[in-house]
Structure formats: structure tokens, C-alpha cells
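1. just coords:
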């Protein structure tokens, strides 16, 4: 949950609850980014498709674990945790579809455990599970050609992309205005892939990632669950292991 300083509304992100019907549902509130006022009502500027709950800002997500707002434009940018591949960073578009649809018999998929194809084909055995061509896409452009395109996609094993924030202040030097993303460092089969904080340099309008740098940490890393920039300009990083670290420029 984050307030957007640009428009004053509260943005709330939800996951798909391991239910294939949820992401593209107009009434189930999982897999959505909601934009609401402080009394819980929908922001009147929301433009979801006809029939959707008016609180819907975007839909068709798998698991948005981080949302941050461009310091110049106020545009919301989501950090999304992939199923076991393809974590994504996406600039959100009012009323947009993120293109996640794990229902069986969509795009030629057959029966899946729990009627949820989100982890296919890793339910299979043998080498087929590692064939990238058979991965279920996080953003399915074939089924949803107008889906919001990610500006970054790791195109590999999920690294547990979690919370996100923007660094602000001259003290950060070249990183002033850069986006930071916390990684929980999990991969296929639970293999650690690096618990870390990445610094993403974006174009001035925030529409493209032009550089990614791993932050050098002054302490041991952990499963970075939440990143927040405080009023003092410091980056506060909460980890699953039970600590909050204050990182200063």
C-alpha cells in the first residue's frame, strides 16, 4: 500500500491467490492494482473496462509486490514477482491489463493442477520444464496484444522481485531519481540467486530502463521485503529475517 504524492490517492496491490479465474475477472479483486480515496471509494479518474469494479486501476497481474511513483511525473511503476521466471517492472496505464491469465485451456493450455496453470510447465518432468519456449508468459501478448509491456524483464529464474522505491536528494549523487528494487533471492526449487538491492536508472520520462546496478551493501544481505525512502532521504530496508536497515548516501 502506497500513497502517490502526485495525486494523493492510495494504491493497493493484490495477488492472484493461486486462482486461475482471478486475474482477468472484473469483480474478483485479486490480481489488481486498486486506486482509492482515503474513505475506500474508487478514485473518480479510474478508467477500468466496462463491468469492472470501479476501484480497479490495472488488472491481470500475478503478484505486484512493489509499487513506486516516478518523482517527476507521478506515474506508478510496479515491481512484480514472476511464477518461477520473468519478474517484471512495468509502467502502469490507467485501465491497463498486465496480461497474466493462468486459466486452463487459455492459449492452448490443457488441464493443470488446481485449475491453475501459473506454474506450468514446471509441473512436468524431464527437460521440458526447462524449455523457455514452453514457459507460460507473464505478459501474454498473443492473447492480449494491448497488454502493458514491461520495461524490464529478467527473462530467467525468478529472483523474488519485491518492493520498490525512488531515491531522491542530491546526496545520492548520480542515483538521485533512480529506482531501487528489493530482491528476496529465491529461484527455481528454492535456489538462492542473490538477496540484494538493485538500482535501476530510467530515462527521464521513466519509460525505459537504461542501466541496472547492484547496490554495495554495508551489511549482510537478506530477503529484502520492503524498501521505503524516509523524510530524511535515507533508504529503509526491511528484511524477512526481522531487521530494518537504514541506508544513507
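-> Structure's in. What do you need? Just so you know, these numbers come straight off a predicted model, no measurement behind them. Numbering: from 1, shown residues only.
2. Please make it C-alpha for all contacts and neighbour counts, starting now.
-> OK.
3. center of the protein, which residue is that?
-> Using CA atoms, centre = their mean, the residue of the chain that lies closest to the mean C-alpha position is residue 80, 1.9 Å off.
4. quick one: contacts for that residue?
-> 61, 62, 63, 64, 65, 66, 87, 88, 89, 90, 161, 162 (CA atoms under 8 Å, 6 or more residues apart in numbering).
5. how does it look with 6 Å?
-> 63, 64, 65, 87, 88 (CA atoms under 6 Å, 6 or more residues apart in numbering).
6. Was I right to think residue 202 contacts residue 209?
-> Yes: assessed by CA atoms under 6 Å, residue 202 is found in contact with residue 209 at 4.5 Å.
7. what comes up buried for stretch 147-155?
-> Within stretch 147-155, the residues that qualify as buried are 147, 148, 149, 150, 151, 152, 153, counting by 16 or more other CA atoms under 10 Å.
8. Ok, stretch 158-174 next?
-> Buried-residue list, stretch 158-174, by 16+ other CA under 10 Å: 158, 159, 160, 161, 162, 163, 164, 165, 166, 167, 168.
9. Other residues contacting that stretch?
-> So stretch 158-174 is contacted by 65-68, 81-82, 84-87, 176-187, 225-227, 249 (CA under 6 Å, 6+ apart).
10. among these, which are in strands?
-> Under the assignment DSSP state E, the contacts of stretch 158-174 contribute 65, 66, 67, 68, 179, 180, 181, 182, 183, 225, 226, 227 to strands.
11. Show the contacting residues for the fourth one.
-> Think residue 68. By CA under 6 Å, 6+ apart, the contact set of residue 68 is 76, 77, 164, 165.
12. now the helix or strand that the last one is a member of and strand 179-183, what's the angle there?
-> Looking back up the chat, that one is residue 165. Using DSSP states H and E, residue 165 maps to strand 161-166. Put simply, strand 161-166 runs at 160 degrees to strand 179-183, going by axes from the mean of the first three to the mean of the last three CA atoms, to 10 degrees.
13. Strands - which of the buried residues of stretch 147-155 land there?
-> Of those, the ones assigned to strands by DSSP E are 150, 151, 152, 153.
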